[in-house]
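Asker: Quick one: sequence and predicted model below, then my questions.
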Amino acid sequence: MNENLPSTDPAPVGIVGTGYVGLVTGLALAELGHRVVCLDVDRAKVATLRAGQAPFHEPGVDDLLTRHAAGLTFTTDPTEVFGPCPVVFVTVDTPPGPSGDADLSRVEAVVAAIPAGTELVMVMKSTVPAGTGRRITRHLRATGRHGVRYVSNPEFLREGSAVHDVLHPERVVLGADDPAAAEAVAALWAPLGAPVVQCDVASAEMVKLAANAFLATKISFVNEIANVCDAVGADVATVARGMGLDSRIGAAFLNPGIGYGGSCFPKDVAALKQLAGNSGYHFQLLSAVIEVNELQKRRIVVHLANRLGQLQGARIALLGLAFKPGTDDLREASSLVLAARLAAEGATLVVHDPVVGDHVLDLLPPGTAKVARAADALVGADAAIVVTEWPEYLDLVRPDLAGAMARPLLVDGRNLIDPEAAATAGFEWVGVGRPDCLPDAVDRQLDLDLDDTAAPAPVAGS
Ligand SMILES: NC(=O)c1ccc[n+]([C@@H]2O[C@H](COP(=O)([O-])OP(=O)(O)OC[C@H]3O[C@@H](n4cnc5c(N)ncnc54)[C@H](O)[C@@H]3O)[C@@H](O)[C@H]2O)c1
């Protein structure tokens with residue numbers, strides 16, 4: 001516990017759902033000096049946490065779990081939260097349902113578990129469609145649970161830097177009809193010094209959906225720009241830099257790649273599109289954002305087929321499986337779509353990820369091999385694709401590894417690697433929206449050939 005902090009209410013704060021958001025929120029509150037009780041329905045997860053271990057890979061979590069062990073309780077018993085905790089954060093998952101709408105069954109289960117007569121502030125951190133808070137409040141009143149006050153406090157953390165993000169938020173959004181309830185939550189986060197956006201519940205819910213939809217739009221936009229760059233021979237890295245220096249645009253989220261994934265963007269964009277549709281509004285822009293993202297994942301398969309002639313029998317190395325670096329989360333990861341498409345074309349796959357466990361093989365096509373060292377994935381491969389921009393893949397840019405491949409074709413799906421460095425090491429480098437870079441030896445041979453024939457200089461790129 002941090003001795004410099006003012007003494008806090010001795011009552012513990014409750015967390016319902018100890019996933020990425022719930023556990024990190026609980027750890028942040030512990031860091032701020034609170035006792036925290038974390039409830040989950042997943043017994044195995046609770047047992048892991050009780051043993052002091054993180055149930056997933058997230059930098060900083062292990063350390064905080066150890067440091068605050070005395071102030072943290074992990075339980076499957078709702079009576080340890082509903083009653084003893086005056087403020088309870090709801091951080092359960094809200095996955096996409098079959099219609100694309102958010103599946104709120106876990107949230108509804110939590111509401112159902114609150115006993116009559118309980119006094120608490122229920123803080124919704126799960127991402128829910130706008131209007132959910134109003135419906136829950138109405139339901140709580142209709143079922144006589146007048147002691148439950150509702151606050152929407154959406155979460156903006158990014159997996160891979162979740163601990164940092166929760167402890168250094170750029171804003172705290174609080175939506176509530178009851179100012180005292182909002183104040184109770186604001187007081188918990190006040191030591192972090194972030195600007196507070198205090199508003200009604202529906203607006204707070206919309207902030208989260210709109211923010212994620214905008215970020216996804218930015219990604220799909222720059223992916224389309226990259227595809228045009230490919231067609232006209234421009235370099236998207238320069239284009240993005242030139243755009244990003246404009247303060248009205250900003251440089252963040254202007255890195256093209258093979259599509260966004262993860263547990264948030266795909267589902268939140270779909271949920272906002274459906275929410276709009278359910279209210280009679282056709283959110284056309286989001287339909288395009290989603291379609292561009294899906295096509296972007298598949299585009300690389302076509303590129304590969306064009307280069308290799310055919311994918312049937314080709315050995316393809318996938319470098320990175322998690323939807324982004326710094327996490328082992330595979331939800332909606334582009335790697336899974338790519339693997340399925342490549343296998344459908346007859347390729348055999350060898351995959352690597354520095355943190356994703358072997359359980360991923362259940363999600364990958366039969367016959368996929370998983371290697372522990374990234375370098376081993378390259379041996380004998382006809383092509384390697386950088387799917388997740390893990391920094392350690394920069395170390396693969398070595399002549400001996402280019403030489404170990406059947407064909408040193410390096411398809412950089414995240415524009416991670418410096419093309420010149422790759423070419424110098426002997427790789428045929430292909431990025432997203434950037435001119436291709438041939439190995440130095442090939443370039444030199446081309447120059448010699450051209451000197452011989454006095455033909456016009458070739459343009460690097462496709
Ligand atoms: N993961 C992110 O990067 C992120 C960022 C911002 C917001 N969010 C939102 O936060 C919410 C949680 O996301 P997450 O990634 O932490 O999910 P998660 O799947 O990692 O964790 C959810 C946890 O809730 C538990 N749970 C489900 N039903 C329960 C119940 N009735 N009672 C107690 N526990 C229950 C599950 O067992 C699981 O441990 C989602 O709405 C998500 O959209 C996620």
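Answerer: Received it, and whenever you're ready, just let me know what you need.
Asker: how about the strands of the protein, start to end?
Answerer: Using DSSP state E, the strands found in the chain span residues 13-16, 36-39, 72-75, 87-90, 120-124, 148-152, 172-176, 196-199, 315-319, 348-352, 369-370, 383-386, 409-412, 428-430.
Asker: and the third one, what other elements does it pack with?
Answerer: It refers to strand 72-75. Contact partners of strand 72-75 among helices and strands, from 3 or more C-beta pairs under 8 Å, 6 or more residues apart in numbering; DSSP states H and E: helix 20-31, strand 36-39, helix 43-50. C-beta: built from backbone N, CA, C; applies to glycine.
Asker: circling back: would you mind finding the most buried of the strands of the chain?
Answerer: strand 13-16 (a mean of 28; mean count of other C-beta atoms under 10 Å).
Asker: Which other helices and strands does that strand contact?
Answerer: Using 3+ C-beta pairs under 8 Å, 6+ apart: strand 13-16 touches helix 20-31, strand 36-39, strand 87-90.
Asker: and it, does that touch the ligand?
Answerer: Yes. Applying C-beta under 6 Å from any ligand atom, one finds strand 13-16 touching the ligand at Val16.
Asker: Partner strands of that strand, with direction?
Answerer: Using DSSP bridges, strand 13-16 pairs in its sheet with strand 36-39 (parallel), strand 87-90 (parallel).
Asker: how far does that strand sit from the chain's center?
Answerer: Centroid separation between strand 13-16 and its chain, computed with C-alpha atoms, centre = their mean, to the nearest Å, is 24 Å.
Asker: Likewise for stretch 196-211?
Answerer: Centre to centre, stretch against its chain (C-alpha atoms, centre = their mean), the figure for stretch 196-211 is 21 Å.
Asker: contacting residues for Ser334?
Answerer: Residues near Ser334 by C-beta atoms under 8 Å, 6 or more residues apart in numbering: Ile258, Gly259, Tyr260, Gly261, Lys297, Phe323, Val387, Gly413.
Asker: Let's see which of the residues you listed end up in helices.
Answerer: Lys297 (DSSP state H).
Asker: List just the nearest of the contacts of Ser334 to the ligand.
Answerer: Phe323 (9.7 Å; C-beta to the nearest ligand atom).
Asker: and that closest one, how many neighbours?
Answerer: By other C-beta atoms under 10 Å, the residues close to Phe323 number 27.
Asker: Also the one 10 residues further on?
Answerer: For Ala333, the neighbour count with other C-beta under 10 Å is 27.
Asker: per-residue pLDDT, it?
Answerer: On the pLDDT scale, Ala333 is placed at 96.
Asker: likewise Asp101?
Answerer: Turning to Asp101, the model gives it a pLDDT of 87.
Asker: Tell me how far it lies from Tyr260.
Answerer: 20 Å (C-beta to C-beta, to the nearest Å).
Asker: related to what we said a few turns ago, CSV please, covering the contacts of Ser334 and showing distance to Asp40.
Answerer: Converted to CSV, the contacts of Ser334 look like this (distance: C-beta to C-beta, whole Å):
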residue, distance to Asp40
Ile258, 33
Gly259, 31
Tyr260, 28
Gly261, 24
Lys297, 32
Phe323, 22
Val387, 30
Gly413, 35
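Asker: Closest to Phe156 out of the contacts of Ser334?
Answerer: Tyr260 (15.7 Å; C-beta to C-beta).
Asker: Count the neighbours of the residue of the chain found nearest the ligand for me.
Answerer: Nearest residue of the chain to the ligand: Gly19, at 1.8 Å (C-beta to the nearest ligand atom). Gly19 is flanked by 19 other residues according to other C-beta under 10 Å.
Asker: Let me know whether it touches Thr94 as I believe.
Answerer: No. When contacts are counted by C-beta atoms under 8 Å, Gly19 is not listed as touching Thr94 (10.9 Å).
Asker: picking that back up, which one, of the strands paired with strand 13-16, ends up nearest to Pro391?
Answerer: Of all the strands paired with strand 13-16, it is strand 36-39 that lies closest to Pro391, at 31.5 Å by C-beta to C-beta.
Asker: returning to what we had before: tabulate the strands paired with strand 13-16 (CSV), appending mean pLDDT.
Answerer: Formatted as CSV, the strands paired with strand 13-16 follow (pLDDT from 0 to 100):
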stretch, mean pLDDT
strand 36-39, 98
strand 87-90, 98
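Asker: Quick check, Asp177 in contact with Gln198.
Answerer: No. The criterion here is C-beta under 8 Å, and Asp177 misses it with Gln198 at 11.6 Å.
Asker: Just give the number of residues close to the closest residue to Tyr150 other than its chain neighbours.
Answerer: Spatial nearest neighbour of Tyr150, chain neighbours left out: Thr137 (4.9 Å); criterion: C-beta to C-beta, 6 or more residues apart in numbering. Neighbours of Thr137 under the rule other C-beta under 10 Å: 18.
Asker: go on, the one 4 residues further on?
Answerer: For Arg141, the tally of surrounding residues (other C-beta under 10 Å) stands at 11.
Asker: what residues are up against it?
Answerer: Counting by C-beta under 8 Å, 6+ apart, Arg141 has no contacts.
Asker: follow-up on the earlier one: would you mind giving the strands of the chain as TSV with distance to Asn306 added?
Answerer: Output for the strands of the chain, formatted as TSV (distance: least, C-beta to C-beta, whole Å):
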stretch	distance to Asn306
strand 13-16	50
strand 36-39	51
strand 72-75	52
strand 87-90	49
strand 120-124	48
strand 148-152	48
strand 172-176	46
strand 196-199	48
strand 315-319	14
strand 348-352	19
strand 369-370	25
strand 383-386	11
strand 409-412	11
strand 428-430	10
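Asker: quick one: terminal-to-terminal distance for stretch 252-264?
Answerer: Its first and final residues considered, stretch 252-264 spans 18 Å by C-alpha to C-alpha, to the nearest Å.
Asker: residues from the protein in reach of the ligand?
Answerer: 16-22, 39-42, 45, 91-94, 106, 109-110, 126-127, 155, 157, 159, 263-264.
Asker: now the nearest residue to Leu215 once chain neighbours are set aside: how far from Ala184?
Answerer: Nearest non-adjacent residue to Leu215, counting by C-beta to C-beta, 6+ apart: Phe253, 5.5 Å away. Using C-beta to C-beta, Phe253 is found at 34 Å from Ala184.
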